[in-house]
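Asker: Next comes the sequence, and after it the predicted model I'd like to discuss.
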Amino acid sequence: MGTCSPAQSHREIVYIVDDDSTVRDALSSLLRANGKIVQLFSSGHDFLEFERNDNSACLILDLKMPGMNGLDVQSVLVDLPSIPIIFITGRGDVSSTVRAMKGGAFDFLTKPIEEGTLLAAVESALGADREKRRVASERSGLMARYALLTPREREVLALLVKGLLNKQVAAKLGIAEYTVQVHRGHIMQKMQVESFAALVRLAGQFETLV
């Protein structure tokens, strides 16, 4: 149902999927009145076919819809770029709620939804998505820099972050201590850190890196 303008593609977007036009319009009006960009869909299929281009987002998804219901949509999204899902329903049941939450749902709200509750859920979901993307971006950048290291530099880094001194690394690898110092300098340059302590902190955040 339409696409976002170039300006919208660089902002947070709240997607709403509900087969009831009255609900869609009410939620859209509330969110837009609170400064949110909103994209509406009348079916889960339409949303899944839509090519997303957002910097952060969340999905308000109706649980009970004809054809593809909310749980069906959630199951498809498992294999796609993740998005926080806020389920809404007027006919919720325990089993559906459990399935939704086990599937990773961010929140579960029952119609009629209190405005403050919905706005709070949306803000929390958007915040969670921003943080997840920030961490993913940082990790991606770190891995790209790590890929620039030579096999020997990776060996040296792995030993240094374990706390070994230059001379200990040299002995373990059978190379000169000066060579270790040279490798260390190259590693810091390629990893774009100003101190070895900063490099150790980075490696500590991503233990699988080395």
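Answerer: Yes, it's here.
Asker: CA atoms for contacts and neighbours, from now on please.
Answerer: Fine.
Asker: can you list the domains in the chain?
Answerer: 8-132, 143-205 (automatic domain parsing).
Asker: Now the helix or strand hosting residue 101: buried residues?
Answerer: Residue 101 belongs to helix 94-102 when assigned by DSSP states H and E. The neighbour-count check on helix 94-102 (16 or more other CA atoms under 10 Å) flags 97, 100 as buried.
Asker: tell me what it is packed against?
Answerer: helix 70-77, strand 107-110 (3 or more CA pairs under 8 Å, 6 or more residues apart in numbering; DSSP states H and E).
Asker: re earlier: make JSON lines from the domains of the chain and add mean pLDDT to it.
Answerer: Formatted as JSON lines, those follow (pLDDT from 0 to 100):
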{"stretch": "domain 8-132", "mean pLDDT": "89"}
{"stretch": "domain 143-205", "mean pLDDT": "90"}
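Asker: Can you pull the phi and psi angles for the spatially most distant residue from the centre of the chain?
Answerer: Distance to the chain centre peaks in the chain at residue 176, reaching 43.6 Å (criterion: CA atoms, centre = their mean). Main-chain dihedrals, residue 176, degrees, to the nearest 10: phi -70, psi 150.
Asker: for residue 40, same thing?
Answerer: Torsion angles at residue 40 (phi, psi; degrees, to the nearest 10) stand at phi -100, psi 140.
Asker: that older thread, state the distance from the residue nearest to the residue farthest from the centre of the chain when sequence neighbours are not counted to residue 177.
Answerer: Nearest residue to residue 176, sequence neighbours excluded (CA to CA, 6 or more residues apart in numbering): residue 170, at 5.6 Å. According to CA to CA, to the nearest Å, residue 170 and residue 177 sit 5 Å apart.
Asker: Same check on residue 20?
Answerer: For residue 20, the distance to residue 177 (CA to CA) stands at 71 Å.
Asker: Residue 163 too?
Answerer: 15 Å.
Asker: quick one: which of these two has more around it?
Answerer: residue 177 (17 against 11; other CA atoms under 10 Å).
Asker: OK, contacts around that one?
Answerer: 166, 167, 169, 170 (CA atoms under 8 Å, 6 or more residues apart in numbering).
Asker: Show me what residue 61 bridges to in the sheet.
Answerer: residue 17, residue 87 (DSSP bridges).
Asker: Out of the contacts of residue 177, which is nearest to residue 49?
Answerer: Lowest distance from residue 49 to the contacts of residue 177 (CA to CA) belongs to residue 169, with 53.5 Å.
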